[in-house]
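Enquirer: Sharing a model that was predicted from the sequence below.
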Amino acid sequence: MTEAATRPAGKVCYCSVFAVHQTPYCVWSFDLRRDNLEFLNGIDPEFFHYLSKVHGANVNDEKDAHAAMSLRLAYHHGLETLFTLLAGALQAPEALVAWVPKCSNPKLRTIVEEIQNNNQSLLRILPVREVSWRGLSELINNFGVPSDVPDPVEGFAEIWTWFAHDFLSEPNRLELNSIKHGLRARFGGFSMKLDPKEGDSKNYEGSKFGTRFFVPSDSPSAPDGNCRLRRVAVNWIPQTLVDSLVLITMSLTNILTFLRKVNKDDMSNAKLNWPTSKDPLLSLVSTRTDVISAQIEEGVPAPKPLTRDEMLKLLSDRVATLTTPK
């Protein structure tokens, strides 16, 4: 944070330079530390714990579709919040209040992918030993725990790596969009059986819980605008989502405590969380079905792909024939 030479009305104006991925920004404020702490203290990690308890308690079987879908949506929301704060802590710990609104979802995914791949050229302000989930965890979760509890640095680094894989999954991204925009995902999981021409058939265990939805995909070798439909299905297990939301809550609590300390807040009410289980954190959320997702495209040909002008002409002709219902 830098004190600027400009002092309107006798006030000291501060600025902080940061990057969102590789794009530089400079935020100006009369009291950036105050604004950043107000922003950080307004984030309530317990929101996700609350959602896990409310919706998790209402999922008893596959008939409880509303609760199950709400639980899945809460998990997607939790992942996005977790990686927003982790990426923001790396790139702008003293200006997260400006970094978060400037970071679009596509940019956030790019940053998460670069951390997942240990890209050491990623612009950052936080003095991590290395750009990785382990590097971030070394700073955020470096606190003492009982000797019979797994190391929180290693445990949270592993769980963030696992969560990043889910966050970056293309079927999961499509699923989130299908639930969030238009509620166009149909509830229900699936199993799979393969019957090869030679050899024995093989069954892949699925789940009664999941989603199925359509995604338009471009037609190969056709002008832009020509598309065909692809069916996507995703499986998940409600209890794994509940446990994941608990670990997301713990992670967010520790990240926010760390960021408050970086911004010189009063730490008398600071909280730190870690599981009391002696089992590795990853074991709490790594239960998966044999088949996690599937995509089916029928390969429908476009006998005569239409150009953009042809599409507009057909639209114009159709509009001209419309009549107002009486």
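Expert: Good, I have the coordinates.
Enquirer: I'd like the next helix or strand past the longest helix seen in the chain.
Expert: In the chain, taking DSSP state H as the definition, the longest helix is helix 65-91. Note on helix 65-91: by DSSP states H and E, the next helix or strand toward the C-terminus is helix 96-102.
Enquirer: buried sites along that next one?
Expert: L96, V97, A98, W99, V100, K102 (16 or more other C-beta atoms under 10 Å). C-beta here means a position set from N, CA and C on the backbone, and glycine is covered the same way.
Enquirer: Kindly report the same for stretch 229-236.
Expert: So for stretch 229-236, counting by 16+ other C-beta under 10 Å, buried means V232, A233, V234, N235, W236.
Enquirer: and if you look at stretch 206-224?
Expert: G206, S207, K208, F209, G210, T211, R212, F213, V215, S219, A222.
Enquirer: Next step: those restricted to strands.
Expert: Within these, residues falling in strands by DSSP state E are G210, T211, R212, F213, V215.
Enquirer: can you tell me how far the residue nearest to the last one when sequence neighbours are not counted sits from S217?
Expert: Put plainly, it is V215. Ranked by C-beta to C-beta, 6 or more residues apart in numbering and with sequence neighbours excluded, the top spatial neighbour of V215 is R230, at 4.9 Å. From R230 across to S217, the span is 5 Å (C-beta to C-beta, to the nearest Å).
Enquirer: Need the overlap of contacts for these two.
Expert: E297 (C-beta atoms under 8 Å, 6 or more residues apart in numbering).
Enquirer: Now stretch 94-102: average pLDDT?
Expert: Averaging pLDDT along stretch 94-102 gives 97.
Enquirer: Name all residues that make contact with D195.
Expert: By C-beta under 8 Å, 6+ apart, the neighbours of D195 are S201.
Enquirer: and it, backbone torsions?
Expert: phi -120, psi 90 (degrees, to the nearest 10).
Enquirer: try C26
Expert: phi -130, psi 120.
Enquirer: Spell out which residues sit in contact with it, please.
Expert: Contacts of C26 by C-beta under 8 Å, 6+ apart are C15, S16, V17, F18.
Enquirer: can you do 6 Å?
Expert: The contact partners of C26, by C-beta atoms under 6 Å, 6 or more residues apart in numbering, come to C15, V17.
Enquirer: Could you do N36 as well?
Expert: Taking C-beta under 6 Å, 6+ apart as the definition, contacts of N36 comprise L96, V97, N263.
Enquirer: now the second one, nearest residue through space, not along the chain?
Expert: The reference is to V97. The nearest residue in space to V97 (C-beta to C-beta, 6+ apart) is F39, at 3.8 Å.
Enquirer: And the average pLDDT for the helix or strand that contains the one you found is what?
Expert: Here F39 is covered by helix 32-41, with elements defined by DSSP H and E. For helix 32-41, mean pLDDT is 95.
Enquirer: do you know how far the residue at minimal distance from the centre of the chain is from L245?
Expert: Centroid-nearest residue in the chain, with C-alpha atoms, centre = their mean: E80, separated by 3.1 Å. Separation of E80 from L245 (C-beta to C-beta): 13 Å.
Enquirer: What's the end-to-end length of stretch 114-122?
Expert: Across stretch 114-122, the terminal residues are separated by 7 Å (C-alpha to C-alpha, to the nearest Å).
Enquirer: Then stretch 121-128?
Expert: Stretch 121-128: ends 12 Å apart by C-alpha to C-alpha.
Enquirer: So which bits of it are buried?
Expert: Buried, per 16+ other C-beta under 10 Å, within stretch 121-128: L122, L123, R124, I125, L126, V128.
Enquirer: Widest-spaced pair of those residues?
Expert: Greatest spacing in those, by C-beta to C-beta: L123 and V128 (12.3 Å).
Enquirer: all strands of the chain, in order?
Expert: With DSSP E as the criterion, the chain has strands spanning 2-3, 14-20, 23-29, 186-187, 192-194, 202-204, 210-218, 227-235, 293-297.
Enquirer: Let me have the ones you listed in CSV, extended by distance to F258 and mean pLDDT.
Expert: Shown next, in CSV, are the strands of the chain (distance: least, C-beta to C-beta, whole Å; pLDDT from 0 to 100):
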stretch, distance to F258, mean pLDDT
strand 2-3, 22, 51
strand 14-20, 17, 92
strand 23-29, 20, 95
strand 186-187, 38, 93
strand 192-194, 43, 85
strand 202-204, 41, 85
strand 210-218, 35, 92
strand 227-235, 33, 92
strand 293-297, 34, 89
